Every structure is written in C-alpha cells, then in structure tokens.
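J.: sequence and computational prediction follow.
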Amino acid sequence: MGNWRWGVVGLGVAALVALPTIVGELPVGGSAESAATLLDRVRASASVPYSGYAQSSGGLVLPVTSQFTSLADLFGDETRIRVWWQSSTAWRVDTVNLTGESDVHQFGTATWTWNYEANTATYTNAQQPVTVRLPVAGDLLPTNLGRRLLSEANRNEVSRLAARRIAGRAAPGLRLRPPAGSSTISRVDLWVDGDTGLPLRVEVYGTGDDSAVLTTTFLDFSTAPPAASTVAFLPPAGARLRSADAPDLAALINRIGRPVLPERLAGVARNDLLPTVGAISLYGRGVAEFAAVPLPGRTTWSLRRQLEKTPGVVADGERLSLTIGALSVLLSPVSGDDSWLLTGTVGTDVLRRAVADLPVESGLDR
C-alpha cells in the first residue's frame, strides 16, 4: 500500500513539473505598474485567500544536530508543498520531501501537525502568537517568503522585471537589490500574480552566485477561497496523539531565557519590529538581518561537533564560523555550558564583531 501511494505521488509531481514548461510558451502581456506600486501590492496581499501546489529547492548543506534535521531538509533538498490558505490564522500546509509527509493545520494559536509515516498527530497551543521559531515548510511558499523578503524593503531598492507566466497566470516581475555590501544576498527576483499581488515565484541569489541559492514557485495556483472542511483537522482513528507547549527548540529557548542584550551589535541596530520578549533577538532589517541565539549546553556541544567536521569552517580559538551560500553562522566559545549562536544574511566579519558585544553569560534560566 505504501509503495503504491508514493508511486502515485511521483507520477503526479512529474505531470505538474512538465506543465509550466508548456504553459510558459504562451505570450505574457506587459504590466505598466511601477516597482513601488507592485511592492505595495505584495505587502497588502496577506489577507488574500488562495490554494496551490508549490515546489522549493535550496542549495544549502547545513551542519545540523538531530534537533535541526528538518531545517536541513527544507534548505538542502527539494520540497513539495500543497497549501490551502484562508487567512494568516486559518490554513493548511502539506509537505512531501525526502523524509516523508507532514501536514500542518493552523487555527488561531492552535496547531495540529500530522506525521503520516509515524501515524502521529501533535497538538500545540501557544496561547499567543509565536514570535520566534525555526523556519517551516509554509515559510518557503512563494507567497510567504516573497512578502517576508520585501517587508522592509525601501522603494529605491526595487525595480521592475519582465513579466512571466507562472502557474498559468500573468506575473509581473520585481527585483530587490539591497545596498552593496550590506547582505550576503545580492538580489531577490520575484514574480507576482497580476490580480492579487500574491508572489508566485521567488529566486534568492547569494553574492557572487550566478544561480539561485533558493527557488520556490507555484506550479498550480487558485484564488478561490478554500473550504473550511479542507483546512479542518480531525485525528484519524488509531493515530498516536501528543501535545507540545512550544513548536520547536528555538521557541522553547526564547521562553526560558531573559538575557539583557545591547541595542546594537557590531553597530547594527536591533530590529524592534519583532519585539524581544525572550532570549532571541534580531538585528538589522530586510534581507540584511542576523539573530543572536543563546544555546544550552547539550545543543552547544552537539552543534560544535558538527561544525568542526564541516568543510570550510574557520576556527579562531574556540570560535567557529562558516558561510553556506547566503547564510553565515558563528558559534561563540563556551561559557559555563552555554554559548551564543549568531546566524543570518550578513558577512561573518559582522558576526565576529557582534559576538564581542554580547554578554559572556547566556542568561538562560536553569
């Protein structure tokens, strides 16, 4: 039964992948909208319902511990995503990648995660919106990723690209190019649904890269509001039921620590658009941001062992740094059992200066 099911999925994916090649040959009309107007329409698209089938592929081989393997799958492999989006608080995202299938159903602050292979349904209710967590498959949807990357862009940083046909729809193009030297991302190219402003395809390029380090695109797309019955979730009979207080390790760390962090690290201001309510803070803006994360001892030592074996890692005493595509990573020396992890889309030189401005003690509660 299992092999038959995966065979059907494979055939369906092959058919969908072939479709854009055929449809893409159809002519695409031009768009007279300015880049600034298109930017505004993308930012205003969060409330638009839609559904679709998307595919993302990344070129990052991340050094991770067992607690972050899903992150490596997202950014290092091809991920196929099916989405039904009613609103930012009511949606369903089904994901198929090399590790299997996982479905996430969101209702307000409550989430059901269904793991098909493990026959496990996990219920999480954060009681309030989670401000810090690890990336999940839904973040790689063109709609969510495109809107996030453009959320803090200035109008003088965007320009128009020629329209393309994406998922059978005319899509005017937009390019974001951050100020030179500010980010390890050299540009973001995206194509937007002409009717709704929803991003349909996003390509992220690192500095010095001719090919995208991350691409995500819709292969099938509809703006018809999805039915409530499709978004709803009822655990299957016989499923193992679990509950969790936080969606992942990053959210848990953010709860248990209250370090006093500086307003600036390496001269870069803290991003107060995301309130610092716990242990993790973001610095910078837009596509030139980095996070400062205090790591507890067990995670610190596990990640350190992984980094030490990763090609390209630079060791400066006990400080380890690495650049992977457009992502920079730095792990500070251990103080007590803990350390600081700095990671983001700025150069490792910025992270080296930033770690010197951090408190020696992590501030994690014990």
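T.: Cool, the structure landed. Being a predicted model, the structure only gives us computed values, none of them experimental.
J.: how many residues are close by residue 118?
T.: 13 (other CB atoms under 10 Å). All C-beta atoms are positioned from the backbone trio N, CA, C, and that covers glycine.
J.: looks to me like it is in a helix.
T.: No - assignment of residue 118 by DSSP: H, G, I helix; E, B strand; the rest coil gives coil, placing it outside any helix.
J.: now do it against residue 140, distance only.
T.: Distance of residue 118 to residue 140, given as CB to CB, to the nearest Å: 22 Å.
J.: likewise residue 112?
T.: Residue 112 is 20 Å from residue 140, where distance means CB to CB.
J.: now do the SS call for the closest residue to residue 307 other than its chain neighbours.
T.: Spatial nearest neighbour of residue 307, excluding adjacent residues (CB to CB, 6 or more residues apart in numbering): residue 320 at 4.7 Å. Secondary structure for residue 320, judged by three-state DSSP, is strand.
J.: so for residue 320, what's the pLDDT?
T.: With respect to pLDDT, residue 320 scores 89.
J.: surely it touches residue 331?
T.: Yes - Residue 320 lies in contact with residue 331 (CB atoms under 8 Å); the separation is 4.7 Å.
J.: intersection of neighbour lists for the two?
T.: Shared contacts of residue 320 and residue 331 (CB atoms under 8 Å, 6 or more residues apart in numbering): 304, 307.
J.: these two: which is more packed in?
T.: Ranked by neighbour count (other CB under 10 Å), residue 320 and residue 331 place residue 331 first, with 26 against 22.
J.: ok, now how distant is the more buried one from residue 303?
T.: 6 Å.
J.: common neighbours of those two, please.
T.: Residues touching both residue 331 and residue 303 (CB under 8 Å, 6+ apart): 295, 341.
J.: where does the stretch 201-350 of the chain dip in pLDDT?
T.: Scanning the stretch 201-350 of the chain with the threshold set as pLDDT under 70 gives 209, 245-260, 273-280, 297-298, 336-337.
J.: for it, what spans make up the strands?
T.: Taking DSSP state E, counting those that start in this stretch, the strands of the stretch 201-350 of the chain run over residues 214-222, 240-244, 264-265, 268-269, 281-285, 288-295, 314-316, 319-324, 327-331, 339-344.
J.: who are the packing partners of the second one?
T.: Counting contacts by 3 or more CB pairs under 8 Å, 6 or more residues apart in numbering; DSSP states H and E, strand 240-244 is packed against strand 120-125.
J.: so how far is the strand it packs on from its chain's centroid?
T.: 21 Å (CA atoms, centre = their mean, to the nearest Å).
J.: who has more neighbours, residue 112 and residue 140?
T.: More crowded of residue 112 and residue 140, by other CB under 10 Å: residue 140, with 24 against 19.
J.: quickly note the distance from that one to residue 80.
T.: From residue 140 over to residue 80 (counting by CB to CB), the distance is 11 Å.
J.: need the overlap of contacts for the two.
T.: Common neighbours of residue 140 and residue 80 (CB under 8 Å, 6+ apart) are residue 54.
J.: skipping adjacent residues, who's closest to residue 196 in space?
T.: Using CB to CB, 6+ apart, the nearest residue to residue 196 is residue 48, at 4.8 Å.
J.: buried set for stretch 46-57?
T.: Using 16 or more other CB atoms under 10 Å as the test for burial, stretch 46-57 gives 48, 49, 50, 51, 52, 53, 54, 55, 56, 57.
J.: which among the residues you listed gets closest to residue 340?
T.: Each of these was checked against residue 340 using CB to CB; the closest is residue 56, at 29.4 Å.
J.: ranges for the helices of the stretch 51-200 of the chain?
T.: Secondary structure of the stretch 51-200 of the chain, counting by DSSP state H, counting those that start in this stretch: helices at 69-76, 142-150.
J.: going by mean pLDDT, which of the ones you listed comes out lowest?
T.: In terms of average pLDDT, helix 69-76 trails the rest of these, at a mean of 40.
J.: any idea how far residue 113 is from the nearest residue to residue 223 once chain neighbours are set aside?
T.: Leaving aside its sequence neighbours, residue 223 sits nearest to residue 50 (CB to CB, 6+ apart; 5.1 Å). Residue 50 sits 22 Å away from residue 113, taking CB to CB as the criterion.
J.: kindly report the same for residue 38.
T.: The gap separating residue 38 from residue 113 is 35 Å, by CB to CB.
J.: what of residue 86?
T.: Taken as CB to CB, the span from residue 86 to residue 113 is 18 Å.
J.: circling back: contact partners for the residue nearest to residue 196?
T.: Shown in contact with residue 48 (CB under 8 Å, 6+ apart): 196, 197, 198, 223.
J.: residues in contact with residue 332?
T.: Residues near residue 332 by CB under 8 Å, 6+ apart: 318, 319, 339, 340, 341, 342, 355, 358.
J.: of the strands of the stretch 201-350 of the chain, which is nearest residue 148?
T.: Among the strands of the stretch 201-350 of the chain, strand 288-295 comes nearest to residue 148, with 10.5 Å by CB to CB.
J.: returning to that earlier point: more neighbours: which of residue 38 and residue 113?
T.: Neighbours around residue 38 and residue 113, counted as other CB under 10 Å, are more numerous at residue 38. The numbers are 22 against 19.
J.: and that one, that's in a helix?
T.: Yes - remark: residue 38 belongs to a helix, assigned using three-state DSSP.
J.: skip the chain neighbours and tell me the closest residue to it.
T.: In space, and not counting its chain neighbours, residue 38 is closest to residue 174: 5.1 Å by CB to CB, 6+ apart.
J.: my guess is that neighbour contacts residue 36. True?
T.: No - with contact defined as CB under 8 Å, residue 174 does not count as touching residue 36 (9.9 Å).
J.: no further questions, thank you.
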